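Colleague: no sequence for this one, just the structure:
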């Protein structure tokens, strides 16, 4: 019947009793499968890690600008990595860095959650926030 129709006989379920076969154009079937996979991949959104760098001496206006920037990144579905770099004698006052991060957390609590709590790595203090 498949040869008469000019199509292929495709075994759909070989383990079934009796085995299930279908008459179809196999090339067209493969093409449609690849097309569907491509469409699914295109629809997927890769999450990126966006970085925001601040210093301990950041001004209030600059802080608000960084918060707006972080909100935009979070609303786009990206993770935001905050890094605060200590220079010179600032290493002795790491608690001030944690206070700066607390301000960010308070301002962004409605759109984000803390993914990685603030931790010190060398001369950097880092924290990662994820969108809700």
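Modeller: Received it, and whenever you're ready, just let me know what you need. Owing to the predicted nature of the structure, the values given are computational and were not obtained by experimental measurement. Numbers count the residues shown, from 1 in each chain.

Colleague: which residues of the protein fall in helices?
Modeller: 2-5, 26-43, 60-75, 94-108 (DSSP state H).

Colleague: Mind giving me the packing neighbours of the second one?
Modeller: What that stands for is helix 26-43. strand 8-13 (3 or more C-beta pairs under 8 Å, 6 or more residues apart in numbering; DSSP states H and E). (Glycine included, C-beta is placed from N, CA and C.)

Colleague: Same check on the last one?
Modeller: Counting by 3+ C-beta pairs under 8 Å, 6+ apart, the packing neighbours recorded for helix 94-108 are helix 60-75, strand 79-85, strand 112-121, strand 124-131.

Colleague: check contacts around residue 100.
Modeller: Listed by C-beta atoms under 8 Å, 6 or more residues apart in numbering, the contact set of residue 100 reads 54, 56, 58, 63, 84.

Colleague: can you redo the helices of the chain as JSON lines with mean pLDDT and distance to residue 127?
Modeller: JSON lines is the format used below for the helices of the chain (pLDDT from 0 to 100; distance: least, C-beta to C-beta, whole Å):
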{"stretch": "helix 2-5", "mean pLDDT": "88", "distance to residue 127": "63"}
{"stretch": "helix 26-43", "mean pLDDT": "92", "distance to residue 127": "31"}
{"stretch": "helix 60-75", "mean pLDDT": "94", "distance to residue 127": "11"}
{"stretch": "helix 94-108", "mean pLDDT": "92", "distance to residue 127": "5"}
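
Colleague: Next, format those helices as TSV and append distance to residue 126.
Modeller: Formatted as TSV, those follow (distance: least, C-beta to C-beta, whole Å):
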stretch	distance to residue 126
helix 2-5	63
helix 26-43	32
helix 60-75	14
helix 94-108	9
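
Colleague: Figure out which of these is closest to residue 19.
Modeller: helix 2-5 (14.7 Å; C-beta to C-beta).

Colleague: now that closest one, how far from the chain's geometric center?
Modeller: Put simply, helix 2-5 sits 49 Å off its chain's centre (C-alpha atoms, centre = their mean, to the nearest Å).

Colleague: buried residues in that helix?
Modeller: Buried residues in helix 2-5, defined by neighbour count with 16 or more other C-beta atoms under 10 Å: none.

Colleague: Nothing else from me, thank you.
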